[in-house]
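**Q** Give me coordinates for this.
(2 chains)
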Amino acid sequence: MHVPRSNQPLAFPGARPIWATCLAFLIASCGGGGGSAPGDEELPPGEDVPASDADAARFLTRATFGATRETIDRLRYIGYTQWFEQEFKAKPSLTRPALKEMSSQGITVNQQHRLDLWWKHAVVGQDQLRQRLAFALSEILVISDVQDNIVNDIGEVAEYYDTLVRGALGNYRDLLEDVSLAPAMGEYLSMLGNQKANPGLNLRPDENYAREVLQLFSLGLVELEADGSVKLDGFGEPIPTYDQAVVEGLAANFTGWSWADMGDFSGYDPSPKPMENYLAYHDQLAKLILSNVVLPGGQTGEDDLAQALDVIANHANVGPFLGKQMIQRLVTSNPSPAYVARVSASWNDNGSGVRGDLFAVAKAILMDPEARTGHLADAENFGKLKEPLLRVTNLWRALEANSASGKYRYWAAEEILGQAPLRAPSVFNFFSPFFSPPGALGAAGMVAPEMQITTHARITTTTNDMLYRVWWYWQGNPNLGPNDVAIDPSSLLPLASNPQALIDEMDILFAAGQMSAQSKQIIVDYVSAIPLSGAGNLYRTLDALYLVLSSPQSAVQR
Amino acid sequence: MNEVSIHPSRRAVLGKGLALGAAGLFANLTHLQRRALAAATLGGGNYKALVCVYLYGGNDGFNVVVPTDPVGYSVYAASRLGLAVPQNSLLPILPANPQGGTWGLHPGLAALQSHFASGKLAVVGNVGPLVAPATKAQILSNSVPLPYQLFSHYDQTYQWMTSVSNDSAATGWCGRIAENLAALNGASPVPMNISLEGTQRLQVGPNSAPYNLDSSGPIAFEGFDDEGGPARKAAFEALLAASSTNKFQQAYAGQQVEAMQIEGLLTGVLAGAPPITTVFPSSYLGKQLAMVAKMISVQAAVGHQRQIFLVGKGGFDTHDGQNQKQGNLFGDVAQCMAAFHSAMEEIGYGPQVTAFTASDFGRTLSSNGKGSDHGWGSHHLVLGGAVQGGDFYGTMPNLALDGPQDIGGGRIIPTTSVDQFAATLGRWFGVSAGDLLQIFPNLSNFQATDLGFLT
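**A** Next up is the predicted model:
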């Protein structure tokens, strides 16, 4: 399986590239559950190929759930442009249809099945860019089935994630509407069941969604320049993007919504269909919304919502506010204002006059000069801590992990890694984009969002998990259970007799070639002392894997 | 407060703590000698702890303590409508200074009713973030500085945690207090701030961050005990020590090193912790507070004369289903805090440990039909042997909608600032009056810098 590395760009003139063989094999063997393959066997060599394995791995660390030897070689063959085109075409891997299929087979579907599918799509899904962006969006447009009122609504929650997957390469304005009308969001932030004011009873509309859609899902609290810096008024003070009157106006706007097809606003039917407006419960008075816009009275709930979302999505803050957070999820915690400004510009106009084109934004983020050379230009400050979930997916992808049952099961990720898909403790996600830890980072005024979940407890459980994932969960361990997802180290074993080559390959796969010579030498020396006799190849490989994966140079991407 | 008798079980742990450092050396000392030595070298009776019970989401404090006199209750009920706690279900309490009314606790707080009567529990009325005292007229005429971004979870949480309601970049007040009193903990490698709730702003100081502890205790790094363990550990540690100019790598390596170092100390020390017979609720918060109790019981062996703990509970953002949720929310908080206080009395730390609640904001008195929305001022609880309990501190507000303290929808303007609340705790904890004014830069805007709820 192992492809010899080369510092020369790989080309396969007239030949079927080896990764295409692997893809064909995957499609045949995984029953299509991972989505359609890009089907790019006949693509010509690309003109904009990465210059090195490290460059390719760096890109794939950000744009996918982790670099693999095959995807590195493939990217170096087809180049970035064709890579993006293929990703755009890849069929979305969806969760809810797969859960429905399980239900039809008599399986009682629970949260764990939803999570199994998240891992499966992350590890073997062929729509990697789409899935990676959906995951990033799930940490901005947050719902969580930790919350008791959706804890059992598996269909609603799965449909919500599918909404993000479908919308990840689409338009933000459409996604914002789909998210707003998703019953999982309706329940999570209590817009579902929100009804017009009743002055006689002293009841007023629920402000929950109105506030958070502005604060978290679109604008943020203060007006921003296009480069993400805070705009100041004549007194040097930040300018709030909205006030309580706007929250109350939007709260009135977002009234009358409940589960679809019930005929009765007060009914209970946790259906995953988009919510329906029940006009009798919708506030039809004129209302102030954002940006001094007053919507006229007498409108339907659908029209009121659509017009309000138009105003929100067109606010100048959206590009810098969300664009910067997407950079932080994918590339670096502290992008320069110029980088944010370039991404904002792409948000505001994809080059064809379209605003909010998330595919164009993703390309702008991933192909930006700062993304590609920041590690050289500003080695001290560039980069970010990897999210712990992505460290596990990287391992599983690179070493083709699978289980006997075909499930991709990882139990209780939030207790080990400090995060799990759609399981944040609150709408404020697992960590804040503004978290600035004390020490050198804080002193430099830098943020490190993922450092907030890198607590003493979680750094320990995560490090220990790297040990188990490697030393217990490997193909060939006779003690594996049917659902145990185990790595296949066979592609690395032939390198074990040459520790330097072994560590060089791991450095590419798990640190995008950013390990220092000093760190690599520490592992080379350690591994070299393990005798090659018996299962020495395996021991060397697994021990080296553990040390690479748990090292600070693999925990940080740059 | 100078002479604190040491409970037998605590004496045992002090002995064990010492034995860790100098096994057998003190074996022949009398109990009295050992006690004196412990007090002199490890802090002993001078020890104090603060325990913040953070109620995530914004607790509805106006349903925690409710007026029961006819006029007070009718005003309350008219504002709250469907959110009102039924009058006949309220648990009577008799504050020393009842502020012209009669009062009751939400029935969910039954476990704390007796603590109010016995003087261990105080209520601090209508606390919230303020920059300076603010009246409705001043706010409406824009003539008083206000906290930034009122009614936002994120910001009001920060303001509770920093107490500097006009500086969004401020550090946490428990972090600043810990740095001010750092000398009391000598060279202990364990930070004064210990969190069971991850790293929150409250405990992040200019140069310090909390130690993060799970309620199950510190966790050991694995893979270092088998035959090849020592060599693997040496390589692992060499990788942490390897030079890197990247600040993220440095931060990650530093956190690994600190986690290993502190776990190594704490696991050994906690193994010698005295048994605590008090039964804690099995809830998330109950488990956290049980671990806090255990950590307090080994403070001397850890080398701590001061500790600040953060525990928490979510679910208080009751936009929806408030009436169904509130009984369970309050019940868990009350039972856990009561158990914690019992445990402190059991191990002889009652007067040395003060627990208090904090939360993003209070909630609207008015209803959205299902629950309440984000408000401002709220009542808070302080529990411990040093608390001058059985009374209200601060001023119980007028609860009328559109009344003199309602800024809209029943968002009640606080009459006591977080600065005053926190500074009262800080003074008891040992911060000097002069330093309090540094740690709480807005404190001097308020008349009372000590609310008096602690001895």
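**Q** Pull the residues that contact stretch A:368-384.
**A** Contacting residues not belonging to stretch A:368-384 are listed as A:55, A:58-59, A:62, A:328, A:331-336, A:338-339, A:342-343, A:365, A:444, A:446, A:448-450, A:514, A:556-558, B:245-248 [CB atoms under 8 Å, 6 or more residues apart in numbering or on different chains]. For glycine as for every other residue, the C-beta is placed from the backbone atoms N, C-alpha and C.
**Q** hmm, try it at 7 Å
**A** Applying CB atoms under 7 Å, 6 or more residues apart in numbering or on different chains, the external contacts of stretch A:368-384 come out as A:328, A:331-336, A:339, A:342, A:365, A:444, A:446, A:450, A:514, A:556-558, B:245-248.
**Q** now stretch A:249-265
**A** If you take CB under 7 Å, 6+ apart as the criterion, stretch A:249-265 is touched by A:183, A:186, A:191-197, A:205-207, A:209-210, A:267, A:269-271, A:273-279, A:281-283, A:287-289, A:295, A:301, A:304-305, A:308.
**Q** So for the helix or strand harbouring A:Ile503, mean pLDDT?
**A** Assigned by DSSP states H and E, A:Ile503 belongs to helix A:499-511. In this model, helix A:499-511 has a mean pLDDT of 98.
**Q** cool, stretch A:306-321 as well?
**A** For stretch A:306-321, mean pLDDT is 98.
**Q** What residues of it count as buried?
**A** Residues A:Gln307, A:Ala308, A:Leu309, A:Ile312, A:Ala313, A:His315, A:Ala316, A:Asn317, A:Val318, A:Gly319, A:Pro320, A:Phe321 are the ones in stretch A:306-321 that count as buried (16 or more other CB atoms under 10 Å in any protein chain shown).
**Q** how far out from the middle of the chain is that stretch?
**A** Centroid separation for stretch A:306-321 versus its chain: 22 Å, with CA atoms, centre = their mean, to the nearest Å.
**Q** Okay, strands next: where are they in the stretch 451-558 of chain A?
**A** Counting by DSSP state E, counting those that start in this stretch, the stretch 451-558 of chain A has strands at residues A:556-557.
**Q** Just give the number of residues close to the nearest residue to A:Thr163 once chain neighbours are set aside.
**A** Spatially, and ignoring its direct neighbours in sequence, A:Thr163 is nearest to A:Asp178 (4.9 Å; CB to CB, 6 or more residues apart in numbering or on different chains). Counted by other CB atoms under 10 Å in any protein chain shown, the residues lying close to A:Asp178 total 20.
**Q** Tell me the secondary structure at A:Asp178.
**A** Per DSSP: H, G, I helix; E, B strand; the rest coil, the secondary structure class of A:Asp178 is helix.
**Q** Distance-wise, check it relative to A:Gln325.
**A** According to CB to CB, to the nearest Å, A:Asp178 and A:Gln325 sit 19 Å apart.
**Q** which ones are touching residue 50?
**A** Unless you meant another one, I'm taking chain A. A:Pro50 neighbours (CB under 7 Å, 6+ apart): A:Ala56, A:Phe59, A:Leu75, A:Arg76.
**Q** nope, chain B
**A** Residues in contact with B:Leu50 (CB under 7 Å, 6+ apart) are B:Ile308, B:Thr354, B:Leu425, B:Phe429.
**Q** Tabulate those (a markdown table), appending distance to chain A and pLDDT.
**A** Formatted as a markdown table, the contacts of B:Leu50 follow (distance: CB to the nearest CB, whole Å; pLDDT from 0 to 100):
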| residue | distance to chain A | pLDDT |
| --- | --- | --- |
| B:Ile308 | 15 | 98 |
| B:Thr354 | 25 | 98 |
| B:Leu425 | 22 | 98 |
| B:Phe429 | 21 | 98 |
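**Q** so which two of those residues are the farthest from each other?
**A** Within those, two members stand farthest from each other by CB to CB: B:Ile308 and B:Thr354, at 10.4 Å.
**Q** Just put the buried residues of stretch A:306-321 in JSON lines and tack on secondary structure and distance to A:Lys89.
**A** JSON lines is the format used below for the buried residues of stretch A:306-321 (DSSP: H, G, I helix; E, B strand; the rest coil; distance: CB to CB, whole Å):
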{"residue": "A:Gln307", "secondary structure": "helix", "distance to A:Lys89": "34"}
{"residue": "A:Ala308", "secondary structure": "helix", "distance to A:Lys89": "34"}
{"residue": "A:Leu309", "secondary structure": "helix", "distance to A:Lys89": "28"}
{"residue": "A:Ile312", "secondary structure": "helix", "distance to A:Lys89": "31"}
{"residue": "A:Ala313", "secondary structure": "helix", "distance to A:Lys89": "26"}
{"residue": "A:His315", "secondary structure": "coil", "distance to A:Lys89": "32"}
{"residue": "A:Ala316", "secondary structure": "coil", "distance to A:Lys89": "33"}
{"residue": "A:Asn317", "secondary structure": "coil", "distance to A:Lys89": "32"}
{"residue": "A:Val318", "secondary structure": "helix", "distance to A:Lys89": "27"}
{"residue": "A:Gly319", "secondary structure": "helix", "distance to A:Lys89": "26"}
{"residue": "A:Pro320", "secondary structure": "helix", "distance to A:Lys89": "30"}
{"residue": "A:Phe321", "secondary structure": "helix", "distance to A:Lys89": "30"}
